[in-house]
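Novice: Okay, predicted coordinates and the sequence, questions at the end:
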Amino acid sequence: MKNLKLVAARPDCQRSIINVQGVEVGKDLVVIAGPCSVETERQTIETAIAVKRAGATMLRGGAFKPRTSPYAFQGLGLKGLKILDKAKKESGLPIVTEVVDTRDVSWVGEYADVLQIGARNMQNFSLLREVGKSGKPILLKRGMYSTLEEWLNCAEYILAEGNPNVILCERGIRTFETYTRNTLDLSMIPAVHHESHLPILIDPSHGTGIREMIEPMSLAALMAGADGLEIEVHIDPPNALSDKEQQLTVAQFEDLMVKLRKARAFIQSLGSADAARASESAQSDVQAGKGKAARAGEEPHPFSDAVD
């Protein structure tokens, strides 16, 4: 891909690990969970404690909400950030929240552990440069009409400002399909792994817009190699002020986390089985080499597994 100097996959195939308050994105199974919007102190803190208990590793919550309609709930702003700060103190979870304006980056960063750039702002180049200067970990969502190359070039803007702490997030793109809110493009997981060293998360909440589809798409994302998930959870989804159709209940999230841990263990077992087969193959090659040497009346080379 053109002009990718900092984001492109490394020659040694080493992948970046982004440390967020001890959570290693790109190494650990990362699950960012929480409400679409910060609505009240009680709602946010109760959700934070519940998702932490279920196994979430970070808390998401929108204090600023760029919405399609100017009359829709736009978030609580500074009040919402202060609520998130209280939720962090109660739960111990690092905070992920969106920043939408260059003028807000520095003070939003005082409350957030990860600054999120939403799909609508993916190509807001002034904002990308500003968050790049912040040095904060950045969660960069793919634009709803953007190609992989455009997305990675936006990450390049952030890294070019000296900030290597970028986490990519696929959240679905607009296609001709109208059954789901967006079309969740899981092919981006292996594509990003091939083209870049940056970790990639999947947002099945926005990717589908349908509560019942979040579980299967989350499991599919893990099987495809995602480094983690961002999932919307609410203590009372029917009365949520935004995205009520795509927010899991606490009970649903708890059940999903059990399945995610099992899926993770299964994936790791596949890797262990591959390693075991590779080891067995190597041992067979060694024995074959010794056999050849013995038949030839020679000592096997001490530094060779198999000399042909």
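Specialist: Here it is on my side, so go on. Numbering: from 1, shown residues only.
Novice: buried stuff in stretch 160-175?
Specialist: N163, P164, N165, V166, I167, L168, C169, E170, R171, G172, I173 (16 or more other Cβ atoms under 10 Å). (Each C-beta comes from the backbone N, C-alpha and C, glycine too.)
Novice: How about stretch 2-17?
Specialist: Using 16+ other Cβ under 10 Å as the test for burial, stretch 2-17 gives L4, L6, V7, A9, S16.
Novice: Which of the buried residues of stretch 160-175 fall within strands?
Specialist: Of the buried residues of stretch 160-175, the ones assigned to strands by DSSP state E are V166, I167, L168, C169, E170.
Novice: Closest one to Q268 out of those residues, please.
Specialist: Closest approach to Q268 among those (Cβ to Cβ): I167, at 21.5 Å.
Novice: Please name the nearest non-neighbouring residue to that closest one.
Specialist: Once flanking residues are discounted, I167 sits nearest to L139: 4.9 Å by Cβ to Cβ, 6 or more residues apart in numbering.
Novice: mind checking which helix or strand the one you found is in?
Specialist: Secondary structure assignment for L139, by DSSP states H and E: strand 138-141.
Novice: Quick check: what element follows that strand along the chain?
Specialist: Later in the chain than strand 138-141, the nearest helix or strand by DSSP H and E is helix 148-160.
Novice: In the protein, where is pLDDT below threshold?
Specialist: Applying pLDDT under 70 to the chain flags residues 273-308.
Novice: give me the beta-bridge partners of the residue nearest the centre of it?
Specialist: Geometric centre of the chain, nearest residue: L201, 2.1 Å, by Cα atoms, centre = their mean. Applying DSSP bridges to L201 yields these beta-bridge partners: C169, G228.
Novice: if we can go back for a sec, from Q43, how far off is the residue nearest to I167?
Specialist: Distance, L139 to Q43, using Cβ to Cβ, to the nearest Å: 22 Å.
Novice: now swap in L6 and tell me
Specialist: Distance, L6 to Q43, by Cβ to Cβ: 39 Å.
Novice: The residue nearest to the centre of the chain: what's it in contact with?
Specialist: 25, 30, 32, 139, 167-170, 226-230 (Cβ atoms under 8 Å, 6 or more residues apart in numbering).
Novice: before we move on, what about C169?
Specialist: With the criterion set at Cβ under 8 Å, 6+ apart, C169 makes contact with Q116, L139, L140, K141, R142, I200, L201, I202, D203, E230.
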